[in-house]
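# what follows is a protein structure lacking sequence information:
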Ligand SMILES: Nc1nc2c(ncn2[C@@H]2O[C@H](COP(=O)(O)OP(=O)(O)OP(=O)(O)O)[C@@H](O)[C@H]2O)c(=O)[nH]1
Ligand SMILES: [Mg+2]
């Protein structure tokens, strides 16, 4: 049978969907296909969109897709969230939004539940990114909702991290504590039609010493960042005010995204990302393989049983016991 990878490389949606199912089900056939695909990846610009639930991330992505498509860019979306509208969720409006792109063969949307993954959500998301990248998607948007470790981890999976906030909520202690703000390359204050944005804007400016220029509506599209690219290797996040539901401010956000991509390419960070993703993928595979192998062997191992007995009788501790096991199986020397 022809490998699914051949279809994926031709951007065939059915082949990609089947491979994604293999990945989700941890079917070993996925690995054979991913092997064929990996050499064809590294092309996509991967954008993470995170922030509080309900802040308008999916609506924003939806509008962004239109801009990307009008620029003839192909798009993949990975929505890491069970309540996401991309799953055909609860709102009728969301379903209509979703349908808008469902006839466009150059937009591929994949939803992933947050829970139930061995080894966590990062691994499966990384593999989905590989498939979409191999399909030739110019842009891959990864949406995560919440203020947990998953959202902080997203930083390692993407080139550009967008943190979506909503003004007028007052207390941002929760997301500050979770470290979400620090991962932002770009801030979006959405629902600018509904909520006061000024307090949040000035809080962000104070927290990150952003200059007024980068925080005014629309000023993200001026060339202040382009100047700073030349001056130093650092990136200063900009703040964009948007009304995703009314398609306002998103054009400037798109410019900001391209500005960040430009910055990454100029500084060599765009390709560094691919090296770091490959490194993470490789470590994950090695660690999965080793732990599976080891735990399989330990199941009926007499030394393991003895060490466990010693432990229970307070004659040892798990650190010493683990070192002895590793010494036996891997010739591991400290
Ligand atoms: N007033 C107003 N409502 C908006 C705006 N953007 C989105 N919404 C509405 O906010 C609600 C939530 O939007 P979503 O796009 O589903 O938000 P989300 O962040 O993806 O939500 P989760 O995926 O559940 O975390 C929807 O009813 C949107 O129509 C906006 O700019 N202004
Ligand atoms: Mg959503």
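Good, I have the coordinates. Here the structure is a predicted model, which is why all the values come from computation and not from measurement. Ligands and ions are numbered 1, 2, ... in the order given.

# distance of residue 259 from residue 237?
Going from residue 259 to residue 237 by Cβ to Cβ, to the nearest Å gives 11 Å. C-beta: built from backbone N, CA, C; applies to glycine.

# then residue 104?
Spatial separation of residue 104 from residue 237 under the definition Cβ to Cβ is 31 Å.

# so the two - more neighbours on which side?
When neighbours are counted by other Cβ atoms under 10 Å, residue 104 and residue 237 differ, and residue 237 comes out ahead with 24 against 13.

# so who does that one touch?
184-187, 208, 210, 214 (Cβ atoms under 8 Å, 6 or more residues apart in numbering).

# tabulate those (TSV), appending secondary structure and pLDDT.
Below are the contacts of residue 237 laid out as TSV (DSSP: H, G, I helix; E, B strand; the rest coil; pLDDT from 0 to 100):
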residue	secondary structure	pLDDT
184	coil	90
185	coil	94
186	strand	94
187	strand	93
208	helix	77
210	coil	70
214	helix	47
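
# out of those residues, who has the most neighbours?
residue 187 (27 neighbours).

# that one pairs with what?
Following DSSP bridges, residue 187 is listed with bridge partners residue 163, residue 239.

# ligand 1 versus that one, what's the distance?
Counting by Cβ to the nearest ligand atom, to the nearest Å, the gap from residue 187 to ligand 1 is 15 Å.

# separation between the single nearest residue of the chain relative to ligand 2 and residue 191?
For the chain and ligand 2, the shortest gap (Cβ to the ion) falls at residue 58, measuring 3.3 Å. Summarising the geometry, the distance separating residue 58 from residue 191, computed by Cβ to Cβ, is 13 Å.

# so between those two, which is more surrounded?
Between residue 58 and residue 191, counted using other Cβ under 10 Å, the more crowded position is residue 58 (27 against 23).

# is any part of the strand or helix carrying that one close to ligand 1?
Taking DSSP states H and E as the criterion, the element that holds residue 58 is helix 57-70. Yes - counting by Cβ under 6 Å from any ligand atom, contacts between helix 57-70 and ligand 1 involve 57-59.

# flag every buried residue along whichever helix or strand residue 23 is part of.
When elements are defined using DSSP H and E, residue 23 is found to belong to helix 13-24. Applying a neighbour-count criterion of 16 or more other Cβ atoms under 10 Å, one finds 15-16, 18-20, 22-24 buried in helix 13-24.

# ditto for stretch 280-294
By neighbour count, with 16+ other Cβ under 10 Å as the criterion, the buried positions of stretch 280-294 are 281, 284.

# quick one: contacts of that stretch?
Outside stretch 280-294, the residues within contact range by Cβ under 8 Å, 6+ apart are 119, 123, 126, 130, 156, 329-330.

# in these, find the pair that's most separated.
Comparing every pair within the contacts of stretch 280-294 by Cβ to Cβ identifies 130 and 329 as the most remote, at 31.1 Å.

# please consider this matter closed, and thank you.
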